[in-house]
Structures are given as C-alpha cells and as structure tokens.
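> prediction below, plus the sequence it came from.
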Amino acid sequence: MIRNRRTRIVATLGPRSRDPDTTLALAQAGVDVFRLNFSHGSFDDHRLAYESVRSAELAVQRPLGVLADLQGPKLRLGTFKDGKKIKLEAGDKFRLVLEKIEGDEKQCSLPHKEIFAVMKKGLNLLVDDGKVRLEVTDHGEDWAEVVCIRAGFLSDRKGVNVPEAVLPLSAISEKDRKDVNFALELGVDWVALSFVQRAADMAELRSIVKGRAAVLAKIEKPAALKSLNEILDYCDGVMVARGDLGVELAPEEVPIAQKTILRAARQRGVPTIVATQMLESMITSSTPTRAEASDVANAVYEGTDALMLSAETASGDFPLEAVEVMSRIAERVEKDPRWAGLMDAEHSNPEHEISDAISAAARVAADVSNAKCLVAFSARGTTALRISRERPLQPILTLTPNIQSARKLALAWGMETRIIYDPKDIEEMAELASIYSSGIGLAKSGDRIVVVAGVPFGTPGATNLLRIARAK
C-alpha cells in the first residue's frame, strides 16, 4: 500500500483511536507515523496503542513508525484557598512566593526555584497559555512583586511560561525518564523531547536513548530558536511545535519561526514535522475551515517532511475524516506545478561526503534520464535521508534489511520503504530494485529507475554506487 503524496502524516493516538480497528482505519487512510502522547494516558493505554499500530502494520504491509512524545517539565502556579479563582485586572499588583502557601487575592505560590534563579525586573511571566501576562517589578531570592499587564484569572495549577529566559533546569523530568524507559521497552522508533532550550538537552536525551530509537527536538521556546543550529547537531528529527511556541512568541513571529526551522533542518537533512492546530476545528466538525486547509497546504509548499494531527485524532469526533482531509490537501498541493517548482528551486549544498555526491547526482540522473523512481539500498537509512533531502520529484523506494530503519524512515519525505535481504552482488541489486519498484507500482516494466547503494553491501555509510536500470 503506497500513498500518492510525498508529505507524510503523523497522527496522535488517544481514547478515540487507540483501539485496533480505528488504528487500522487510520493507517489505511494514510497515516505513516503514530504518536503516543505521554502527557496523557497510562502505560497500559500506550501499550494498547503500540500493539494496535504493529497489528495495523501487518495489515497494510508497509512499515509504520511510532513516536513517543515526552511531556517535559511543567511549570505551574500553586493552589488557591478553597480552589478559588482570582481575577486580576490590568495594573493590579500581586506577589509570587517560592514557599508553598494557599493563594488568595494578594499572593500565591510559584514553587519553582529555577524561575526565581532567573528573576529580574521587567521579566514577563505568562500564565495559562498566555491568557494572563505578569511583569516583575521587584524580587528577592524567593519572592517577586508583579504587576498585571494582561487581565485574566489565576487558579489552581495553571501553567507558567518564561519566554525571555533560559531556565536552569533539565528538559527531562523524572516522569520523562520513566516514560522513555517504558517507551524504549515497547520498541518505539522515535522519542520526542518537549521544551528543548539548548543543545545539552538533546545531548542528555541521546545519552539516555543510546541509539535504541531516533531522537527528535520539539522547538517551542524562543531560547531554542537562538540555539537552533547547535540543537540540530544532536537531532534525528525536529518538530515545529506551534502550540507553546505561539504562547511565548508574538503571533506574527510564529510563521517566520516555522520557515526558519524548516529551512535549517532541510539543509541538514533532518526530517521535520509541522504540528499543532492544523485541523483544530475537526475535533468537533467533519470539515475544516478554509484557513486550516491553507495552513496545511502552506506547510506542504514549504517542503516539510510531515504534518501532525493531535487532538483531532486522539480525542476528536472525526479522527478518520481528519486524516483523509489532510491527505487530500497534501495530494492536491503536490499536483500543483508551483509545488514542483518550489521543491526544485532550492537544493542544499552537498557536504564533502561521497554519500552526498551520489545523492545529488541521483536526483540529476533521475531528471535527465526520465526515471520513474529512485531506489536506495540502505542499512541504517542514512543514504535514504540524504536522497530525501534533495527533494527529487520522483518517489524514493528504500530497500533495507533493518525493520527499525524502515520504521524510522516512515517520517521522511517521499519515502516508500520495504524490508529485503542484502543482495549478494551488483547484478542482484539491480534485479531486486527492478522487481520491487514495479511490484509496488512505482514504475512499469521497461521504465528507467535510478539505483543508489554502497559496496560492499550491508556496510553502513558506504554509499558509493549509482546505476540506471529498468524496471521488470
């Protein structure tokens, strides 16, 4: 089963979709990677979801990826007396204290010493996804006087964002450590880290994962944008997490940030996901707004590897319809000649590696020879990702003996992946490429195909061969 689009779809599993029948229906509708959101649900819930994906994978006969999305550290206010809501008007003064107290109209607890460590006059604190904005007017080691800039309500355990500071805390909480160990035991293919601030956060995650899964950074803090290139050094993938990013950045800055992240990641050959509120109205409606359709389309025009659905498929009333709509939008955009022009207009400079030289040459060879697809033999998926980075207008078929590599590549742009054994010689390589490309419908008998591989076969990082063959 192949998809008529290069852009991939990530769907979140939750109460409305983690059962085997619904997960299978979503895979048949075109989902490539399933997300397990560890901010919600129990380990038993996630185990059921994972097993549903693996069952669906057998049914659709193509690799499906599973992404474990860690919650990350949550910064919250303390509680208020009798669970009361406190209304703050613009100009009202209020006090925040490190001590755990019951809040009232004058003060409340902010039980996070990391925030007080960066406290300074003029610092802005955003409460409840930015609904309330507080500005620090004075502070000590364990207290801060603030004035309300944006009016609203304070209540128990509301979230706090500090957009103007890099907080001295690890992005990996104790809960995250338990969650990642469980996820790796399940066998997930990707682990996503929330609230990344610096490259050291991703280095810490990588040291925990130890190669058992690919690691992905969620960019949702302004501090991460300032360290984007350094963070990408430690990433296998990156997510434009527009939810919290939209809280900490002005609305007009979010589209610019999205383009910045996508371009930087593509230059590195790092797969990208654009996420949050893509088809938000479809949580309760069977059709999207026109603005949402344009948002999805624009991400496809920008060349993102994948689009993500969150509550739309996890808890919404129309999970299947959301996937179908997203798939149709992506397919339609990719038929637009302007999309092809955009994909071909910008190619990253190849690095001084043989694999990059071969990958760039493969794209050119496919165009010049009128080839119908590119076929990559790849043990770890590295060669396939370098070809995907080139954004060829022909489909990419990756043949690998490694099921983990195949599932990881489900996130990559333009990729169809199948499991095979390593060929014994170049002639068998050409034969397998010809048979598989025609067998799954990427080429017809007699069509040219471009084959990329490394000799000796099965040697990771040995890409050194390009061959033009014909499909059987």
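That came in fine, so what should we check first? None of these values were measured; they are calculated from a predicted model.

> was I right about G237 contacting G269?
No - with contact defined as CB atoms under 8 Å, G237 and G269 do not form a contacting pair (10.6 Å). Quick note: C-beta positions are derived from backbone N, CA and C, even for glycine.

> who has more neighbours, these two?
Shown here are G237 and G269; by other CB atoms under 10 Å, G237 has more neighbours (26 against 19).

> now the more buried one: closest residue in space that isn't a chain neighbour?
Using CB to CB, 6 or more residues apart in numbering and skipping the chain neighbours, the partner closest in space to G237 is L216 (3.8 Å).

> what sits up against the one helix or strand the one you found maps to?
For L216, the element it lies in under DSSP states H and E is strand 214-219. Strand 214-219 is contacted by residues 67, 69, 72, 189-196, 201-202, 205-206, 209, 224-225, 228, 231-232, 234-241, 245, 257, 261, 273, 408 when judged by CB atoms under 8 Å, 6 or more residues apart in numbering.

> and if you look at stretch 439-446?
So stretch 439-446 is contacted by 2, 372-373, 395, 397, 416, 418, 437-438, 449, 470-472 (CB under 8 Å, 6+ apart).

> in the longest helix along the chain, what's buried?
Ranked by residue count under DSSP state H, the longest helix found in the chain is helix 43-60. In terms of neighbour count (16 or more other CB atoms under 10 Å), helix 43-60 has its buried residues at 45-50, 52-53, 56-57.

> can you tell me the strand partners of the very next helix or strand once past that helix and which way each runs?
Sequence-wise, the next helix or strand downstream of helix 43-60 (DSSP H and E) is strand 65-69. Within its sheet, strand 65-69 is paired with strand 33-37 (parallel), strand 190-193 (parallel), according to DSSP bridges.

> now the shortest one - C-alpha only, CSV.
Translated: strand 190-193. Coordinates of each C-alpha in strand 190-193 appear next as CSV, following Å, rounded to 0.1, in the frame of the first residue of the first chain:
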residue,chain,number,x,y,z
TRP,A,190,11.2,8.0,17.7
VAL,A,191,11.4,9.8,21.0
ALA,A,192,10.5,13.5,21.1
LEU,A,193,11.7,15.9,23.8
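
> what does the domain assignment say about the protein?
Domain assignment of the chain by automatic domain parsing yields the ranges 8-73+171-336, 81-161, 347-470.

> what does the one helix or strand R328 maps to contact?
Using DSSP H and E, R328 falls within helix 319-334. Here helix 319-334 makes contact (CB under 8 Å, 6+ apart) with 3-7, 9, 11, 16-17, 22, 25-26, 29-31, 278-279, 282, 286-288, 293, 296-297, 300-301, 307, 309, 312-313, 316, 339-340.

> run the last query once more with 6 Å
4-5, 7, 9, 11, 16-17, 25-26, 29-31, 279, 282, 286, 288, 293, 296-297, 300, 307, 309, 312-313, 339 (CB atoms under 6 Å, 6 or more residues apart in numbering).

> likewise for stretch 245-259?
Applying CB under 6 Å, 6+ apart, the set of residues contacting stretch 245-259 is 129-130, 161, 163, 220-222, 225, 240, 242.

> okay, the angle between the strand holding L216 and strand 65-69?
Put simply, strand 214-219 runs at 50 degrees to strand 65-69, going by axes from the mean of the first three to the mean of the last three CA atoms, to 10 degrees.

> how near is the closest residue to V132 other than its chain neighbours to Q277?
Leaving aside its sequence neighbours, V132 sits nearest to G152 (CB to CB, 6+ apart; 3.8 Å). Distance check for G152 against Q277: by CB to CB, to the nearest Å, it reads 21 Å.

> neighbour-wise, which of these two wins?
G152 (20 against 15).

> tell me where the stretch 351-472 of the chain has helices.
Along the stretch 351-472 of the chain, counting by DSSP state H, counting those that start in this stretch, helices occupy 354-368, 382-389, 403-408, 426-439.

> any chance of CSV for the ones you listed, columns mean pLDDT and distance to K100?
Shown next, in CSV, are the helices of the stretch 351-472 of the chain (pLDDT from 0 to 100; distance: least, CB to CB, whole Å):
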stretch, mean pLDDT, distance to K100
helix 354-368, 92, 55
helix 382-389, 93, 48
helix 403-408, 97, 44
helix 426-439, 94, 62
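
> closest one to K178 among those?
helix 403-408 (22.7 Å; CB to CB).

> other SSEs contacting the closest one?
The contact analysis (3 or more CB pairs under 6 Å, 6 or more residues apart in numbering; DSSP states H and E) places helix 403-408 against strand 415-419.

> quick one: average confidence on the strand it packs on?
Taken as a whole, strand 415-419 carries a mean pLDDT of 95.

> which residues touch it?
By CB under 6 Å, 6+ apart, strand 415-419 touches 2, 63, 388, 396-399, 403, 406, 409, 436.

> might you list the low-confidence residue ranges for this protein?
1, 352, 458, 461 (pLDDT under 70).

> hang on, the earlier thing: with respect to burial, which of the helices of the stretch 351-472 of the chain scores highest?
With neighbours defined as mean count of other CB atoms under 10 Å, these peak in mean count at helix 382-389, which reaches a mean of 26.

> for the residue nearest to V132, phi and psi?
Here is the backbone geometry of G152 (degrees, to the nearest 10): phi 170, psi -170.

> and it, how far is that from K85?
10 Å.

> quick one on the thing from earlier: list the buried residues in the strand holding L216.
Per 16+ other CB under 10 Å, strand 214-219 contains these buried residues: 214-219.

> how about stretch 4-17?
5-14, 16-17.

> what's in contact with that stretch?
Residues contacting stretch 4-17 (CB under 6 Å, 6+ apart): 26, 30-35, 37, 49, 273, 300, 305-310, 313-315, 319, 323, 326, 330-331, 334, 411, 413-414.

> thanks again, I'm all set now.
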